[in-house]
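Asker: Make a model of this:
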Amino acid sequence: MSELWQKRLLTGLGVAVMLLFCLLPFGYMVLTSFAQQPDYLGQASFQFTLENYRAILTAESLHFLEYLRNSLIVSGVSATLAVLVASLAAYAMTRLPLPGKGLILFGVLAVSMFPPVSIVSYLFQVMNTFGLINTWPALIFPYIAWVLPLSLWILVSYFAQIPRDLDRAALIDGCSRWQILTRVVLPVAAPGIFSTLLLAFIFAFNEFMFALMLTTDYQARTIPVGIALFQGLHGQIPWGRIMAASVFTSLPVIALTLMFQRRIIQGLTRGAVKG
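Answerer: A predicted model of the protein is given here:
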């Protein structure tokens, strides 16, 4: 066997192992969501049922649709506002003569490294003081701060690749800085901004700690916490319903990734023009 075929064989085996490692838990989750008995692996046959999906969509005690609504609204608003702020900050970092740009970026990165559990108690006191516990703003404001460092670093890297000649040409034509940002830079940076928006949405959608501590019921609680608390609603672990809810919740994220994966990759790896 030639060296080329050996490399292809090893590459194929590596890809197969990685796919198996990543997809096997998801496949087991899907099978369990359609199983009449969660412990079907110990039984003689697999009994297919849609009861778990019907239950999460119709059972009022589970509040699954309310949890999903809260997650979509909170994550969407948080990601949009964070990317908007990050876009303005990235333009300032890459275009304006600001002193200490590197220190600011590394300071933002350092702050983002603090684990949520180290600040959630103080955050709870602040939200409780303003009467925001169990409301959407109680999650939106922390989520904006939570995803802002990620959004800023991605957009700074992308904005830095946009040629400054575009800015100079716009200045010669009489455009202000705001007009350059809105009419020149942002349209050119649209793929990177869109990619950052998707990543920020997924990042906020999966957050658990803040949603657990700052909400008390289905009026503001998000889907990760809602699924985790299915056990408390039934006195036992309803694995079938938990897996069905997990599959249903994964669909928006999977759909976004599959539909826009090429745009995400292009937005994170390309600039306005190729050098």
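Asker: Can you pull up the most central residue in this structure?
Answerer: For the chain, I202 is the residue whose C-alpha lies nearest the centre (CA atoms, centre = their mean; 1.5 Å).
Asker: Skipping adjacent residues, who's closest to that residue in space?
Answerer: Spatial nearest neighbour of I202, chain neighbours left out: V253 (5.6 Å); criterion: CB to CB, 6 or more residues apart in numbering. Yep, even glycine has a C-beta here, placed from its N, CA and C like the rest.
Asker: hmm, back to that, counting by contacts, list what the helix or strand hosting the residue nearest to the centre of the chain packs against.
Answerer: Mapping I202 onto the secondary structure by DSSP states H and E places it in helix 190-205. Secondary-structure packing of helix 190-205 (3 or more CB pairs under 8 Å, 6 or more residues apart in numbering; DSSP states H and E): helix 64-95, helix 136-159, helix 239-269.
Asker: Rebuild those helices as JSON lines, extending it with mean neighbour count.
Answerer: What follows is the helices and strands packed on helix 190-205, written out as JSON lines (neighbours: other CB atoms under 10 Å):
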{"stretch": "helix 64-95", "mean neighbour count": "20"}
{"stretch": "helix 136-159", "mean neighbour count": "21"}
{"stretch": "helix 239-269", "mean neighbour count": "16"}
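Asker: Which of those comes out lowest on mean pLDDT?
Answerer: Note on these: lowest mean pLDDT is at helix 239-269, with a mean of 78.
Asker: Tell me what angle that one forms with helix 136-159.
Answerer: For helix 239-269 against helix 136-159, the angle by axes from the mean of the first three to the mean of the last three CA atoms, to 10 degrees is 30 degrees.
Asker: Next one: the residue nearest to the centre of the chain from L105, what distance?
Answerer: 23 Å (CB to CB, to the nearest Å).
Asker: I figured the residue nearest to I202 was touching F205, is that so?
Answerer: Yes. Proximity of V253 to F205 meets the contact threshold set by CB atoms under 8 Å, at 6.5 Å.
Asker: low-confidence ranges in the stretch 101-250 of the chain?
Answerer: Where the stretch 101-250 of the chain drops to pLDDT under 70, the residues are 231-235.
Asker: Let's see that with 90 instead.
Answerer: 101-121, 146, 150, 153-196, 198-199, 202-203, 206, 216-218, 226-242, 248-250 (pLDDT under 90).
Asker: List the contacts of the residue nearest to I202.
Answerer: Contacts for V253 were tallied using CB atoms under 8 Å, 6 or more residues apart in numbering; they are I202, F205, N206.
Asker: now swap in D217 and tell me
Answerer: D217 makes contacts with N134, as judged by CB under 8 Å, 6+ apart.
Asker: Out of the helices and strands packed on helix 190-205, the one nearest Y218 is which?
Answerer: Checking these against Y218 by CB to CB gives helix 64-95 as the closest, at 4.4 Å.
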